[in-house]
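K.L.:
Need coordinates for the below:
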Amino acid sequence: MIENLKYMQFKGRLIVFLFILFLSPTFVCYSANINHSLFKGEKSELLKKYQKFLNNTPKTAEFLTQRTLLSTLINIVSSNIDKLQQLKPKAVNIKNQHDFLKFLKSLAKLELKYKDINKKLEQINKKLELLKKNINQSQNSNKKLNIYQLQYAMYELTRKKLEKETKFLANNFDKWKKLLYRSFLKVKFDIRPLKKETKKLKSEYQRLENLLQQLTIEKDRFTLTNNTKSIRKTQEKIKNVTLMKDMVAIRIFDDCLLIYLSGIKNGETTTGKDLSEWIKKLKNTQLMFLSEEENGLVFYIEKRKIGTFRMFIKQMESGCLHAITNVWVFINRPLFSIGLSKISILSLFLSLIVLFVGVRIGRLYKIKVRNAHISKGITESTKIVLSNIGYYIIVLLTFFIALRTIGVNLSSFTVILGALSVGVGFGLQNIVSNFIAGIILMLENSIRVGDYIEISNNIKGIVEDIKIRSTTILTNDHIEIVVPNQTLFQNNVVNWTLTERVCRFRIPFSVAYGTDLDKVERVILEALEKSDLNYIRDNPLKKTMVIMVAMNDSSVDFNLDVWVSGIDLIHPRRTTSKFLKLIYKTLYENNIIIPFPQMDIHVKDFPDS
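P.N.:
Next comes the predicted model:
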């Protein structure tokens, strides 16, 4: 027994060795390349080769994939069925519109078949590329190399057959379409029974739609109670009703298609909107794709019948009308509601346009008023105030018109005002205070555009603009400061140019004790009179004076009181500097001593040495 067992094992190993040795010239090369002999050659030679390999392949689990691939290759090569004859539209003796519809459907199926074959070819080409990489990267000793070679041969043979089919279809489609068009010209369409049938079918479709809704409601109810058995039954019913709906939709589509073709034949340029609508209602994707192909063939017939240019015009009209309708429906769809008013995209867009136009008109009014040449009685400040007030009135009116455009009832606006009054009592108090202060400042005219004002030691400058909430001040350092109107309204403000642009400057200076005081006054006034400095000279009420103000520890102090007007008024530091320079030069030229702090030390006793 043991010897027999050893003999059987030796015999099995010998068979495997001989099989590998036999296949080595074909499969295992020194460099792993694609074995073209597996798919190139005569049909009889390939069959002998596959059969020989199959007979020499052990019937074990290890070689099951290899045997299966060889069997598949034999079936592919030995197949005697001429599939090209099957790739022809059904030969129908077209006598009426229903025969024509059958012929059109068979041609649509072939077009769908052509697209499916092309998709398969794309997939097979990708698989061949991947297998080619696997074969090139495999070593001769790789056990999977034989499987890769056989699988590559299977895909290559399948690809050749599919390419024949696509070539056959591509070469014959034009001939079949011309036959379809000639049949269309010969056939007579009777649309009266079709319209009656379509009406009944639409009622049936609506009934099935309602039934489907009821079944969906039942399913939701069973889902809540977790009734698995009832859920399964209801799902089966929903599936059947959906299938029935598709069948009814296809029949309606076919009737609409024949009605549409009748219109084309009679020269009516209708849009075929019903065809697209019923295609969209189909749930079965295969039926939907087939219907789209049928619609494409109808498009081909229509194009040939009415001409390319008219077809283009019709498509443009149909497309534009469809796009305009969709856009109009979309922009009129309510986004939200305010009370009884429904707000849509269109109303919002129109209100934004109204606001934009109103603000532009307000700004234009503002510019025109500020640049207008009016009578001398109206100052520049008045023009700015008028422009600001008019601008805010225009914007406010525009706001109410925009609300009316949206559809908000202004009579119910009191609710919004009530909410605003509550807000004023809390967070909006400062905003409203600034708003009211701005209105008062514009009307009161106590602070005008162009005035030089001083709010504190650090904030002084020219008023550039008075707005509804704040006032802009330009300092001498050319810094624009935005001051809330409430600050100007509640605090003390020094307006240097309220009534007239004249102000008295007090220029302090000192001389040493022992100086002739009359001489000091005389030389300063004479030097000032001879200078070209800007100050008021001939007004007895605003006379320039040198006044002694104090006797300090080290000096006698004076003030030069001089009245200044014009541009120097709004630059106090610069103006003060001019006068101080004049005083310094005058005192120096007249040998008048300018003192500095001094202290005398009196020593009573010296310490003993």
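K.L.:
State the mean pLDDT of stretch 215-230.
P.N.:
Averaged across stretch 215-230, pLDDT comes to 88.
K.L.:
Distance from that stretch to the middle of the chain?
P.N.:
42 Å (C-alpha atoms, centre = their mean, to the nearest Å).
K.L.:
With stretch 347-362 instead?
P.N.:
Computed by C-alpha atoms, centre = their mean, the chain-centroid distance of stretch 347-362 equals 22 Å.
K.L.:
CA atoms only: put that stretch into PDB for me.
P.N.:
Output in PDB follows, covering the C-alpha atoms of stretch 347-362 (Å, rounded to 0.1, in the frame of the first residue of the first chain):
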ATOM      1  CA  SER A 347     -39.300  91.400  -5.200                       C
ATOM      2  CA  LEU A 348     -36.000  91.400  -3.400                       C
ATOM      3  CA  PHE A 349     -34.100  92.200  -6.600                       C
ATOM      4  CA  LEU A 350     -36.500  95.000  -7.500                       C
ATOM      5  CA  SER A 351     -36.300  96.500  -4.000                       C
ATOM      6  CA  LEU A 352     -32.500  96.500  -4.200                       C
ATOM      7  CA  ILE A 353     -32.700  98.200  -7.600                       C
ATOM      8  CA  VAL A 354     -35.000 100.900  -6.100                       C
ATOM      9  CA  LEU A 355     -32.600 101.300  -3.200                       C
ATOM     10  CA  PHE A 356     -29.600 101.600  -5.500                       C
ATOM     11  CA  VAL A 357     -31.300 104.100  -7.800                       C
ATOM     12  CA  GLY A 358     -32.600 106.100  -4.800                       C
ATOM     13  CA  VAL A 359     -29.100 106.300  -3.200                       C
ATOM     14  CA  ARG A 360     -27.600 107.300  -6.500                       C
ATOM     15  CA  ILE A 361     -30.100 110.000  -7.000                       C
ATOM     16  CA  GLY A 362     -29.400 111.200  -3.400                       C
END
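K.L.:
and the gap between Pro89 and Lys342?
P.N.:
Note on Pro89: its distance to Lys342, by C-beta to C-beta, to the nearest Å, is 54 Å. (Each C-beta comes from the backbone N, C-alpha and C, glycine too.)
K.L.:
If you count surrounding residues, which of these two has more?
P.N.:
Counting neighbours by other C-beta atoms under 10 Å for Pro89 and for Lys342 shows that Pro89 has the greater number, 18 against 15.
K.L.:
In contact with that one: list those residues for me.
P.N.:
Pro89 makes contact with Phe103, Ser106, Leu107, Leu110, Trp176, according to C-beta atoms under 8 Å, 6 or more residues apart in numbering.
K.L.:
Excluding covalently adjacent residues, which one is nearest to it?
P.N.:
Nearest non-adjacent residue to Pro89, counting by C-beta to C-beta, 6 or more residues apart in numbering: Ser106, 4.2 Å away.
K.L.:
confidence score at the residue nearest to the spatial centre of the chain?
P.N.:
Geometric centre of the chain, nearest residue: Ile345, 16.1 Å, by C-alpha atoms, centre = their mean. At Ile345, the pLDDT value in this model is 81.
K.L.:
correct me, but it touches Val329?
P.N.:
No. Counting by C-beta atoms under 8 Å, Ile345 does not reach Val329; the two are 10.7 Å apart.
K.L.:
Find the nearest non-adjacent residue to the residue nearest to the centre of the chain, please.
P.N.:
That would be Ile331: by C-beta to C-beta, 6+ apart, it lies 4.4 Å from Ile345.
K.L.:
how long is stretch 185-199 end to end?
P.N.:
Using C-alpha to C-alpha, to the nearest Å, the end-to-end distance of stretch 185-199 comes out at 27 Å.
K.L.:
which residues are in contact with it?
P.N.:
94-97, 99-100, 251-252, 255-256, 258-259, 261-262, 265.
K.L.:
if we can go back for a sec, next SSE downstream of the helix or strand where the residue nearest to Pro89 lies?
P.N.:
Here Ser106 sits within helix 97-137, counting by DSSP states H and E. Downstream of helix 97-137, the next assigned helix or strand under DSSP H and E is helix 145-186.
K.L.:
Buried residues in the helix or strand following that following helix, which are they?
P.N.:
Counting by DSSP H and E, the next helix or strand C-terminal to helix 145-186 is helix 192-225. Buried residues in helix 192-225, counted by 16 or more other C-beta atoms under 10 Å: Leu194, Thr198, Leu201, Glu204, Tyr205, Leu208, Leu212, Leu215, Glu218, Lys219, Phe222.
K.L.:
Kindly report the same for stretch 108-117.
P.N.:
Buried residues in stretch 108-117 (16+ other C-beta under 10 Å): Ala108, Leu110, Glu111, Leu112, Lys113, Tyr114, Ile117.
K.L.:
Check stretch 361-378 too.
P.N.:
Neighbour-count burial for stretch 361-378 [16+ other C-beta under 10 Å]: Gly362, Tyr365, Lys366, Val369.
K.L.:
Please tell me how far the third one sits from Asn434.
P.N.:
Think Lys366. Applying C-beta to C-beta to Lys366 and Asn434 gives a distance of 20 Å.
K.L.:
next one: the second one
P.N.:
Distance, Tyr365 to Asn434, using C-beta to C-beta: 23 Å.
K.L.:
other SSEs contacting the helix or strand harbouring Leu403?
P.N.:
Assigned by DSSP H and E, Leu403 belongs to helix 380-406. Contacts defined by 3 or more C-beta pairs under 8 Å, 6 or more residues apart in numbering; DSSP states H and E place helix 380-406 against helix 345-371, helix 429-444, strand 460-466.
K.L.:
Looking at those, which is nearest to Asn134?
P.N.:
Among the helices and strands packed on helix 380-406, the nearest to Asn134 by C-beta to C-beta is helix 345-371 (56.3 Å).
K.L.:
So which elements touch the closest one?
P.N.:
helix 308-331, helix 380-406.
K.L.:
Same list (those) but as a markdown table, adding distance to Gln85, mean neighbour count and mean pLDDT.
P.N.:
Below are the helices and strands packed on helix 345-371 laid out as a markdown table (distance: least, C-beta to C-beta, whole Å; neighbours: other C-beta atoms under 10 Å; pLDDT from 0 to 100):
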| stretch | distance to Gln85 | mean neighbour count | mean pLDDT |
| --- | --- | --- | --- |
| helix 308-331 | 35 | 12 | 69 |
| helix 380-406 | 69 | 17 | 79 |
